[in-house]
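Asks: Mind looking at a prediction? Sequence and model below.
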Amino acid sequence: MLLPLLLLSGAGWFGFKKYKEHKAFSPARKAAFERAMNDTAATSASLRSLAEAFEKEGLGDHARALRKRAALKEAPEPIKAARRAVFQKGLNSTDPATVEKIAAAHEAAGATGAAEALRLHAETLKAVKDA
């Protein structure tokens, strides 16, 4: 008797949380998020400010992505140069598994555009190997 009640309440809570998250990420917020993530002129302060606003609305994953993007902008130049070198090595690699690992590392660091380009390269390599 207690187990079905716990399962039902847990499912209801999870459903409400997902509904609230979906409702909070309106088309206007989605546009603001994408604009901020793709804007090369955005300052780290503006990204952190937007991250705080997203956090208050219950959009924690998006707020974390914005904070990672801000941290990328604040990184010292030697670290940026090292990331660019790794990105170029990934684009020059012929091993799709290696390229995907590099893409995952870039994604974790907040470099979503670089990760997307690397994943596209990995898919191309796979298609060439399969042909």
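Replies: In hand now; what should we look at? No experiment lies behind these values; they were computed from the predicted model shown.
Asks: show me the contacts for Arg69.
Replies: Each residue near Arg69 by Cβ atoms under 8 Å, 6 or more residues apart in numbering is listed here: Ala36, Met37, Ala42, Leu47, Gly110, Thr112. Every residue, glycine included, has its C-beta placed from N, CA and C.
Asks: and if we set it to 7 Å?
Replies: Shown in contact with Arg69 (Cβ atoms under 7 Å, 6 or more residues apart in numbering): Met37, Leu47, Gly110.
Asks: Most neighbours among those residues, which one is it?
Replies: Ranked by neighbour count (other Cβ atoms under 10 Å), the contacts of Arg69 have Leu47 at the top, with 24 neighbours.
Asks: Could you chop the chain up by domain?
Replies: Listed domain ranges for the chain are 17-74, 77-130 (source: automatic domain parsing).
Asks: mean pLDDT lowest for which of those?
Replies: In terms of average pLDDT, domain 17-74 trails the rest of the domains of the chain, at a mean of 86.
Asks: list the buried ones in the helix or strand hosting Met37?
Replies: Assigned by DSSP states H and E, Met37 belongs to helix 27-38. Across helix 27-38, burial judged by 16 or more other Cβ atoms under 10 Å covers Arg29, Phe33, Ala36, Met37.
Asks: which helices and strands does that helix pack with?
Replies: Counting contacts by 3 or more Cβ pairs under 7 Å, 6 or more residues apart in numbering; DSSP states H and E, helix 27-38 packs against helix 44-56, helix 60-74.
Asks: Excluding covalently adjacent residues, which one is nearest to Leu47?
Replies: Setting aside the residues directly before and after it, Leu47 is nearest to Ala70 in space (Cβ to Cβ, 6 or more residues apart in numbering), at 4.0 Å.
Asks: Could you report the distance from the one you found to Gly90?
Replies: The spacing between Ala70 and Gly90, counted by Cβ to Cβ, to the nearest Å, is 23 Å.
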